[in-house]
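J.: Here is my input, please return the structure:
(one chain, ligands or ions: 1)
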Amino acid sequence: SASLVGSEMCIRDRGVAAADDTITVGFSQVGAESDWRTANSQSMKDTFSKENGYDLIFDDAQQKQENQITAIRNFIQQEVDYILLAPVTETGWDTVLQEAKDADIPVIIVDRMVDVSDDSLYTTWIGTDALCEGRKAAEWLNGFAEAKGIAASDIHIADIQGTIGSTAQIGRTKGLEEGVDKYGWDLVAQQTGEFTQAKGQEVMESMLKQYDNINVVYCENDNEAFGAIDALKAAGKTPGKDVTIISFDAIKAALKKVQSGEINAEFECNPLHGPRVAELAKKIMKGEKVDKIQYVDEQVFTKDNTTKEVINKRAY
Ligand code: AHR
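T.: Below is the predicted model of the structure:
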């Protein structure tokens, strides 16, 4: 295994003769709950490939934190060169990350954040600014309502939340709630759709049974939006017209729905982290200091800027 220089400039030498220069990486992935996640896993697998000089140990945690903790402990036992962690939720990582630190194995957090008492428990984090996405969505809704002359009291929102306690959910929910406080909209209902299409549909169906005034659905990812759209159509409503649809991720299939008018606004969350993470890891291995937090640039898509060209170029 390659010897490694961590961000604290400590050289890790396990005293094991390196058979070759292959870098062993353990990646604990959340699961396969969404198309975004599938694209993210693929990006990591393509980057950390044998051809590129890596031995990637990929572990799918099936949305369970306990599986992620077990995976990290296995990576430590296998003396990987570094650990990549896409955490399902923010809290509950102190103990296992301390174990990785004690073993001198750098940890790079990918996509969602961890909430730990000591931030030296991870080397760096790269991912999305979910609160910023949520705030952009709220500002978009305000502009949209103003342009259409809809009074704040006539905006009745259903929030289909992501996995409760995940960074993507916390930030997107907070961005919306800030908008509700600021503009005085009616937040009719909030319930998790767990970032999946099936649950998104189920939650939308049950909300439609309970409330007849919902005219905005704030879906905290695209798969939930696909499920919600199916439920709305089944209830005889026209998504994008009778009910304004806001969603996050901006995967190709969702951008097609922006173009066809079924989704009104998309707030991008870019999953292609593989090359970015590899670059960061290389710097860390060389002993270079890297920023603790790195946000990825993201765009907003509405019908105006979602051209065929944009959709065709979309890699995920
Ligand atoms: O953490 C990123 C979120 O997780 C994406 O928005 C969602 O699609 C995924 O499951």
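J.: contacts and neighbour counts: CA atoms only from here.
T.: Will do.
J.: and E298, what is it in contact with?
T.: By C-alpha atoms under 8 Å, 6 or more residues apart in numbering, E298 lies in contact with F267, E268, C269, N270.
J.: Leaving out the residues flanking it, which one is nearest to the third one?
T.: By that I understand C269. Spatial nearest neighbour of C269, excluding adjacent residues (C-alpha to C-alpha, 6 or more residues apart in numbering): D249 at 4.3 Å.
J.: returning to what we had before: of the contacts of E298, which count as buried by neighbour count?
T.: Listed as buried from the contacts of E298 are F267, E268, C269, N270; burial here means 16 or more other C-alpha atoms under 10 Å.
J.: Secondary structure element holding A315?
T.: Following DSSP states H and E, there is no helix or strand that holds A315.
J.: Could you check how far it is from D242?
T.: From A315 across to D242, the span is 31 Å (C-alpha to C-alpha, to the nearest Å).
J.: Also K308?
T.: 25 Å.
J.: in stretch 178-192, what counts as buried?
T.: Neighbour-count burial for stretch 178-192 flags G179, V180, Y183, W185, D186, L187, V188, Q191, T192 (criterion: 16+ other C-alpha under 10 Å).
J.: With stretch 272-284 instead?
T.: The neighbour-count check on stretch 272-284 (16+ other C-alpha under 10 Å) flags L272, H273, G274, R276, V277, L280, A281, K283, I284 as buried.
J.: sorry, back to before: please render the buried ones among the contacts of E298 as JSON lines that adds pLDDT, secondary structure and distance to V114 to the earlier fields.
T.: Listed next are the buried ones among the contacts of E298 as JSON lines, based on pLDDT from 0 to 100; DSSP: H, G, I helix; E, B strand; the rest coil; distance: C-alpha to C-alpha, whole Å:
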{"residue": "F267", "pLDDT": "98", "secondary structure": "strand", "distance to V114": "22"}
{"residue": "E268", "pLDDT": "97", "secondary structure": "strand", "distance to V114": "21"}
{"residue": "C269", "pLDDT": "97", "secondary structure": "coil", "distance to V114": "18"}
{"residue": "N270", "pLDDT": "95", "secondary structure": "coil", "distance to V114": "19"}
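J.: now, which of these sits nearest the ligand?
T.: Within the buried ones among the contacts of E298, the smallest distance to the ligand is 6.1 Å, found for C269 (C-alpha to the nearest ligand atom).
J.: So the longest helix anywhere in the chain, near the ligand or not?
T.: Across the chain, the longest stretch assigned as helix under DSSP state H is helix 130-148. No. Taking C-alpha under 6 Å from any ligand atom as the criterion, helix 130-148 and the ligand are apart, separated by no less than 8.4 Å.
J.: Might you enumerate the residues of this protein proximal to the ligand?
T.: By the rule C-alpha under 6 Å from any ligand atom, the part of the chain lying against the ligand is E33, S34, W36, R37, D111, R112, A168, F195, N221, F248, D249.
J.: try 5 Å this time
T.: S34, W36, A168, N221 (C-alpha under 5 Å from any ligand atom).
J.: TSV for the buried residues of stretch 272-284, including pLDDT?
T.: Output for the buried residues of stretch 272-284, formatted as TSV (pLDDT from 0 to 100):
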residue	pLDDT
L272	96
H273	97
G274	97
R276	96
V277	97
L280	96
A281	96
K283	96
I284	94
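J.: Restricted to helices, list the residues you listed.
T.: Per DSSP H, helices hold the following members of the buried residues of stretch 272-284: G274, R276, V277, L280, A281, K283, I284.
J.: Pick the one among those residues closest to G236.
T.: Nearest to G236 among those, counting by C-alpha to C-alpha, is G274 at 41.6 Å.
J.: Just confirm that closest one contacts F48, I think it does.
T.: Yes. Counting by C-alpha atoms under 8 Å, F48 is a contact partner of G274 at 7.4 Å.
J.: Not counting stretch 34-51 itself, show me its contacts.
T.: 25, 29, 31-32, 54-56, 195-197, 223, 249, 251, 271-275, 278, 316.
J.: quick one: the closest residue in space to P271 that isn't next to it in sequence and W185, what's the gap?
T.: Counting by C-alpha to C-alpha, 6+ apart, N40 is the residue found nearest to P271 once chain neighbours are left out, at 4.7 Å. Separation of N40 from W185 (C-alpha to C-alpha): 34 Å.
J.: can you check S28 too?
T.: 39 Å.
J.: quick one: low-confidence parts of the chain?
T.: Scanning the chain with the threshold set as pLDDT under 70 gives 1-19.
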